[in-house]
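Colleague: model the structure of this input:
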Amino acid sequence: MDDTLKRLLDAEMRAEQIAQEAEQEREHIIQAAMADARAEDQRFTARVPDLHRGFIAKAEERAEQTIAELKRRYDERHVQLRNMAEEREQEALDTAFELLIDPSR
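Modeller: Below you'll find the model as predicted:
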C-alpha cells in the first residue's frame, strides 16, 4: 500500500508540474502574441505618414487631371463660341448699318 500511495503522490506531483509548465507556456505564448501585436501596431503607425502621402499624391494627381479636362473643355467651348460669333458678325454689322440708315425699321 505504501508503494501505491507513493506512486499516486509521484503521479500527482508530475501532473502538478505538467500543469505548471503548461501554464507557463500559455503565459509565454500570450506575452509573445501581445508583443507581436504591439510590434505590428507600431509598424502600422509608422507607415501612416507614408500611406497619407500616397493618398494625397493620388488625390492631387486626380485633381490635376480634372483641372486639365475642365480646361480642355473650356477651351473647346471658347473656340465654338468664338466661331459662332465670327459667323454672325457680318449679319450683326449689316443689321446695325440698316438701323443706322433707316431707324424706322
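
Colleague: what are the boundaries of the strands in this protein?
Modeller: Assigned by DSSP state E, the strands in the chain number zero.

Colleague: pLDDT below threshold where in it?
Modeller: Where the chain drops to pLDDT under 70, the residues are 105.

Colleague: what ranges does it have for its helices?
Modeller: 2-101 (DSSP state H).

Colleague: nearest the geometric middle of this structure, what residue?
Modeller: What sits nearest the mean C-alpha location of the chain, by Cα atoms, centre = their mean, is Phe55, with 5.4 Å.

Colleague: could you pull up the residues touching that residue?
Modeller: By Cβ atoms under 8 Å, 6 or more residues apart in numbering, Phe55 lies in contact with nothing. In short, each C-beta sits where N, CA and C put it, glycine included.

Colleague: go on, Ile18?
Modeller: Applying Cβ under 8 Å, 6+ apart to Ile18 gives no contacts.

Colleague: any idea how far it is from Lys6?
Modeller: Distance, Ile18 to Lys6, by Cβ to Cβ, to the nearest Å: 19 Å.
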